[in-house]
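Engineer: Any chance you can model this:
(one chain, ligands or ions: 1)
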Amino acid sequence: MILKDDKENHAKKIAKCIAEEIKLRQKFDQHLVLGLATGSTPISLYNELARLHVEEGLSFRDVFTFNLDEYCGLEDNHPKSYHDFMNVNLFNRIDIPRENIFIPSGQIEPLFERDYCEGYEQTIKDLGGIDVQILGIGRSGHIGFNEPGSSVDSITRKVKLHDITRTDASSDFGGFDNVPTHAITMGMKTILSANRIFFMAFGEAKQEITKRAFCEEITDDIPASHLQRHKKTTICTDFDIT
Ligand code: PGA
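Structural biologist: Model prediction:
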């Protein structure tokens, strides 16, 4: 399903869907597993989820979250880490128990990376899989940090970041050379296993790659194009892609 609207309206609608899912599960004493993204794209959504908590009493006590990715080499409290981003933009503003939050660590020794990534996958499975996944897209065509060439069978792993991705992050880090070269990301298989996906892309800079992802052939060169085969993906944009 493709929906065109402005960013704030999309945020309200997606937050409403998430809130309904949380409440439905709470009625039956069940939890909800959310897959979360970072970057400028989901900020309005996180603002709206925080508002629903503060103003309307929505509780996140039965929610578990798994973030898509983290830069390698950054400590959790680094101001540009995705740990910090999530704390500032969402977790510090809601009542989610700290032990329910999972974000890949950027601090794993190379020797233990493989086991660590397999453990991340296993934790998702143990909680019943991701119910609702939030996604943005990078100009390289990545979802999470699954850069061009990522296969549909890929799972959580360490990846090398594409130059476009590092260029787009250079202002955050004060120059291209300061941007971490690698990251840990959930895989394509991990993401595509989510029951429901909300894909968001806003602004002119995302229009061309979004069109290529959804209106052209499915290819590993544009990892987001694999979403065409996902049964329950809602594409939320503020531009036309058809
Ligand atoms: P952005 O990044 O939301 O900051 O544009 C999205 C992404 O690279 O996945």
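Engineer: Now the longest helix along the chain: average pLDDT?
Structural biologist: Scanning the chain for the helix with the most residues, using DSSP state H, yields helix 7-27. For helix 7-27, mean pLDDT rounds to 98.
Engineer: Next: stretch 216-229.
Structural biologist: Here the average pLDDT along stretch 216-229 is 98.
Engineer: quick one: terminal-to-terminal distance for that stretch?
Structural biologist: Stretch 216-229 has an end-to-end distance of 13 Å (criterion: C-alpha to C-alpha, to the nearest Å).
Engineer: which residues make contact with it from outside it?
Structural biologist: Stretch 216-229 has contacts (C-beta atoms under 8 Å, 6 or more residues apart in numbering) with 135, 137, 141-143, 146-152, 188, 192, 197, 199, 209-210, 212-214, 233, 235. (C-beta placed from N, C-alpha, C; glycine too.)
Engineer: make it 10 Å
Structural biologist: 135-138, 140-152, 154, 187-189, 191-192, 197, 199, 201, 209-210, 212-215, 233, 235 (C-beta atoms under 10 Å, 6 or more residues apart in numbering).
Engineer: near the ligand at all, stretch 148-157?
Structural biologist: No: Stretch 148-157 does not reach the ligand (C-beta under 6 Å from any ligand atom); its nearest approach is 13.0 Å.
Engineer: Let me fix that, I meant to ask about stretch 9-24.
Structural biologist: No: judged by C-beta under 6 Å from any ligand atom, stretch 9-24 makes no contact with the ligand; its nearest approach is 12.8 Å.
Engineer: for stretch 179-197, same thing?
Structural biologist: No: on the criterion C-beta under 6 Å from any ligand atom, stretch 179-197 is out of touch with the ligand, staying 10.2 Å away.
Engineer: need the contact list for Leu45.
Structural biologist: 7-8, 10-15, 18, 36-37, 89-90, 134, 198, 200, 236.
Engineer: Narrow those to just the buried residues.
Structural biologist: Buried members of those, scored by 16 or more other C-beta atoms under 10 Å, are 7, 10-15, 18, 36-37, 89-90, 134, 198, 200, 236.
Engineer: count of residues packed around Asn77?
Structural biologist: Using other C-beta atoms under 10 Å, the number of residues around Asn77 comes to 9.
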